[in-house]
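Colleague: quick one: sequence and predicted model below, then my questions.
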Amino acid sequence: MVTESDDEFIAMVEVRLALHRRGGAIDDMEVVEAIGAFGADQERRMSIVADLFGFAVLAATTPMSVTREQVRNYVGQILG
């Protein structure tokens, strides 16, 4: 998502923002529930989604390339 398709990811972020400005929202509960497979409670799941999304935005908007290994290490740290 941020190593090879960052333009598409940024477009998705822009769509989310535009939808939000119009009073809409995108339901991320499937992602939140999938993270539950790692044993996190609901509050931790929401925090993980926010952390990963924030990392993806920062990675996709930096001029430096982000490697798959960096993404893998970050996700591993977040999931603990």
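Modeller: Happy to help now that I have it.

Colleague: next up, identify which helix or strand the most centrally placed residue in the chain is on.
Modeller: When Cα atoms, centre = their mean is applied to the chain, the residue found nearest the centroid is Phe53 (2.3 Å). Secondary structure from DSSP states H and E places Phe53 in helix 42-60.

Colleague: avg pLDDT for that helix?
Modeller: Averaged over helix 42-60, pLDDT sits at 86.

Colleague: contact partners of that helix?
Modeller: 1-2, 6, 9-10, 13, 28, 31-33, 35-36, 40, 66, 70-71, 74-75, 78-79 (Cβ atoms under 8 Å, 6 or more residues apart in numbering). The C-beta positions use only the backbone N, C-alpha and C, and glycine is treated the same way.

Colleague: ditto for stretch 11-27
Modeller: Applying Cβ under 8 Å, 6+ apart, the contact partners of stretch 11-27 are Val57, Ala60.

Colleague: next one: that stretch to chain centre, how far?
Modeller: Centroid displacement of stretch 11-27 relative to its chain, using Cα atoms, centre = their mean, to the nearest Å, is 14 Å.

Colleague: quick check, pLDDT for Asn73.
Modeller: pLDDT recorded at Asn73 is 90.
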